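> can you look at this prediction? I've put the sequence above it.
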Amino acid sequence: MSGNPDLDALARRVIDVNKYMTLATLDPDGRPRLSPLYYTPARYTDFYWVSSPLARHSRNLDERSEAEIVIFDSAAVVGRAEAVYLTATARLVGDGELEAVCPEAFRATLGARRFAPAELRGDAVLRLYVASATACEVLVPGGDPVRGRGVDIRLPADPAAI
């Protein structure tokens, strides 16, 4: 637990109201690869998405499971931004896990297509991935009336603390 219930609530709100996250992986040469992805959160710790296993970010995750994620509203007014930064371990969901995981990965998808496990197995064009958060921080704007310091900062949060 972060010890900051208001920051934990902020993290939950940002995760709940946004639909896209930016996933950062590392290419084999060490260059960052950024990918915007539609996601479904589960328990504020797991973040699911569907992607081609041939996509560069998917291939990067095959080599190195470490990932960074940012979730934010790109239409926010300047000075009013809210963001969640996650450190995570990401991976392809195995064929044997799909039956159990698909109901949570495709719940409340707000218009997004729901995939059946059979559509995501083996050599399917699209596969299911999950990032499991190991750390979380939230953006605190410099002008925040409680924690503001004149410049934007990141502070730890635990969105799973309820």
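Everything's here; your move. Residues are numbered from 1 along each chain as shown.

> contacts and neighbour counts: CA atoms only from here.
Will do.

> which parts of the strand ranked longest in the chain are buried?
If you go by DSSP state E, the chain has its longest strand at strand 127-140. Buried residues in strand 127-140, counted by 16 or more other C-alpha atoms under 10 Å: 127-133, 136-140.

> and of the residues you listed, the nearest to Ala161?
Cys136 (11.5 Å; C-alpha to C-alpha).

> do I have it right that the closest one meets Val70?
No - in this structure, Cys136 is not within contact of Val70 by C-alpha atoms under 8 Å, at 9.8 Å.

> dump the residue contacts of the nearest residue to Tyr20 once chain neighbours are set aside.
Leaving aside its sequence neighbours, Tyr20 sits nearest to Tyr38 (C-alpha to C-alpha, 6 or more residues apart in numbering; 4.4 Å). Tyr38 makes contact with 19-21, 49 under the criterion C-alpha atoms under 8 Å, 6 or more residues apart in numbering.

> neighbour-wise, which of those residues leads?
Met21 (23 neighbours; other C-alpha atoms under 10 Å).

> list the contacts of that one.
Applying C-alpha under 8 Å, 6+ apart, the residues near Met21 are 36-39, 69-72.

> residue ranges in the chain under the pLDDT threshold?
Residue ranges of the chain with pLDDT under 70: 1-2, 108-111, 162.

> how are the strands of it distributed by residue range?
20-26, 32-38, 40-42, 46-51, 66-72, 83-92, 127-140, 153-156.

> now render these as JSON lines, adding distance to Arg113.
As requested, those are exported to JSON lines (distance: least, C-alpha to C-alpha, whole Å):
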{"stretch": "strand 20-26", "distance to Arg113": "15"}
{"stretch": "strand 32-38", "distance to Arg113": "11"}
{"stretch": "strand 40-42", "distance to Arg113": "12"}
{"stretch": "strand 46-51", "distance to Arg113": "10"}
{"stretch": "strand 66-72", "distance to Arg113": "21"}
{"stretch": "strand 83-92", "distance to Arg113": "19"}
{"stretch": "strand 127-140", "distance to Arg113": "13"}
{"stretch": "strand 153-156", "distance to Arg113": "33"}
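
> what pairs with Ser41 across the strands?
That one is not Ser; residue 41 is Pro. Phe47 (DSSP bridges).

> show me the contacts for it.
Counted by C-alpha under 8 Å, 6+ apart, Pro41 has contacts 15-16, 47-48, 105.

> now Val93
Contacts of Val93 (C-alpha under 8 Å, 6+ apart): 127-130.

> if you set the cut-off to 10 Å instead, what comes out?
Val93 makes contact with 48, 50, 101-102, 120-121, 127-131 under the criterion C-alpha atoms under 10 Å, 6 or more residues apart in numbering.
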